[in-house]
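**Student:** Sequence and predicted model, in that order:
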Amino acid sequence: MIGCVTQARHTWVKQHEVDAGVRDGVSTAEAQRIKDLEREVPELRKANKILKLASAFFAQAELDRRIKS
């Protein structure tokens, strides 16, 4: 006995089998990759919003400059 509940050991063994390719499921590496990508999505959306606003600002500035010329 290693001092943990049976369910925890069962979960670890099951995950090991998935990681080893013996059992179907999401591997630990793939789960981490998904977690990282999900964390990155809001950051990319925020950056995209900033770039769109900056693009609109500079496009308007260019139009104003052309009108004044």
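**Tutor:** Thanks, I have the structure now. Residues are numbered from 1 along each chain as shown.
**Student:** how about the helices in this protein?
**Tutor:** Taking DSSP state H as the criterion, the chain contains helices spanning 6-20, 28-68.
**Student:** quick one: low-confidence ranges for this structure?
**Tutor:** Regions of the chain meeting the criterion pLDDT under 70 cover residues 1-2.
**Student:** hang on, the earlier thing: could you dump the helices of the chain into CSV with mean neighbour count added?
**Tutor:** From N, CA and C alone the C-beta is placed, and that goes for glycine too. Converted to CSV, the helices of the chain look like this (neighbours: other CB atoms under 10 Å):
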stretch, mean neighbour count
helix 6-20, 12
helix 28-68, 10
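**Student:** what's the distance between the residue most central in space within the chain and S69?
**Tutor:** The centre of the chain sits closest to L37, judged by CA atoms, centre = their mean, with a distance of 1.7 Å. Taking CB to CB, to the nearest Å as the criterion, L37 is separated from S69 by 46 Å.
**Student:** what's the answer for G3, then?
**Tutor:** From G3 over to S69 the distance is 79 Å, taken as CB to CB.
**Student:** swap in A20?
**Tutor:** Computed with CB to CB, the distance linking A20 and S69 is 69 Å.
**Student:** Tell me the spacing between the residue nearest to the centre of the chain and I50.
**Tutor:** Distance check for L37 against I50: by CB to CB, it reads 20 Å.
**Student:** same check, this time on S27
**Tutor:** Distance, S27 to I50, using CB to CB: 35 Å.
**Student:** do the same with Q15
**Tutor:** 39 Å.
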